[in-house]
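Asker: Pasting the sequence and the predicted coordinates here, then a few questions.
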Amino acid sequence: AAEKAEAERIAAEKAEAEHIAEEEAAAERIAAEKAEESKSERAATTIQSNFRGFIARREVNDLREEREAQVAMAESSKASSNGHPHHQQHLTRAYADLEAATEAESRALAAAEVEAKALAETKAKRKAKRARARAAEAAASSAMSTKASEKPRSSSMKSETMDADKAARLAALRERLKKK
């Protein structure tokens, strides 16, 4: 009878160990799937943000080149006019157009800087959010593996020595399973 009880206890411990291993394997598969999904999402976000930054930089560079060309054109007109009144009128108009273009460029540049700053803040927020999510996943995974290896406690009367005893029994069970 004692041998039968011992065999039943060993079979129950073996079933419990198998159940724990199945739960751990399922948790690992889920974590791997989530990691793959988040990796592709991060790649798509990075590509999109880099493209938006490229467009903003290109626009700023185009405006800068246009202004430099207008300045060069106005200066060459001023040098060739030699003070003629008719040419002075053209120069006055050219400088007025240049000032208007410079103001428009300044507004566009400021808007591009604001957009770049917002983009950087968004990236920082997303990075922090991903870090929090990874920490939460790690905590959940740790809690899941802890819960899977322990039976729920029914009362506060169970002490740490009982937990240590349980851990020792699990270790002994694993050793027996390895031997078989």
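Answerer: Cool, the structure landed.
Asker: rest of the way, CA atoms for contacts and neighbours
Answerer: Will do.
Asker: what residue ranges in this structure score low on pLDDT?
Answerer: Low-confidence segments of the chain (pLDDT under 70): 78-98, 140-164, 180.
Asker: how about the helices in it?
Answerer: 2-81, 85-149, 160-179 (DSSP state H).
Asker: Make a markdown table out of the ones you listed and add mean neighbour count.
Answerer: Listed next are the helices of the chain as a markdown table, based on neighbours: other Cα atoms under 10 Å:
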| stretch | mean neighbour count |
| --- | --- |
| helix 2-81 | 14 |
| helix 85-149 | 14 |
| helix 160-179 | 12 |
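Asker: Roughly how far does residue 46 sit from residue 52?
Answerer: 10 Å (Cα to Cα, to the nearest Å).
Asker: And for residue 61?
Answerer: According to Cα to Cα, residue 61 and residue 52 sit 14 Å apart.
Asker: cool, residue 32 as well?
Answerer: Residue 32 is 31 Å from residue 52, by Cα to Cα.
Asker: what do you get for residue 6?
Answerer: 69 Å.
Asker: Same check on residue 72?
Answerer: Counting by Cα to Cα - residue 72 and residue 52 are separated by 31 Å.
Asker: How about residue 176?
Answerer: Taking Cα to Cα as the measure, residue 176 falls 61 Å from residue 52.
Asker: Next: residue 14.
Answerer: Counting by Cα to Cα - residue 14 and residue 52 are separated by 57 Å.
Asker: same deal with residue 19?
Answerer: 50 Å.
Asker: what does residue 165 give?
Answerer: Note on residue 165: its distance to residue 52, by Cα to Cα, is 60 Å.
Asker: same check, this time on residue 111
Answerer: On the measure of Cα to Cα, residue 111 and residue 52 end up 13 Å apart.
Asker: which residues are in contact with both of the two?
Answerer: Common neighbours of residue 111 and residue 52 are not found (criterion: Cα atoms under 8 Å, 6 or more residues apart in numbering).
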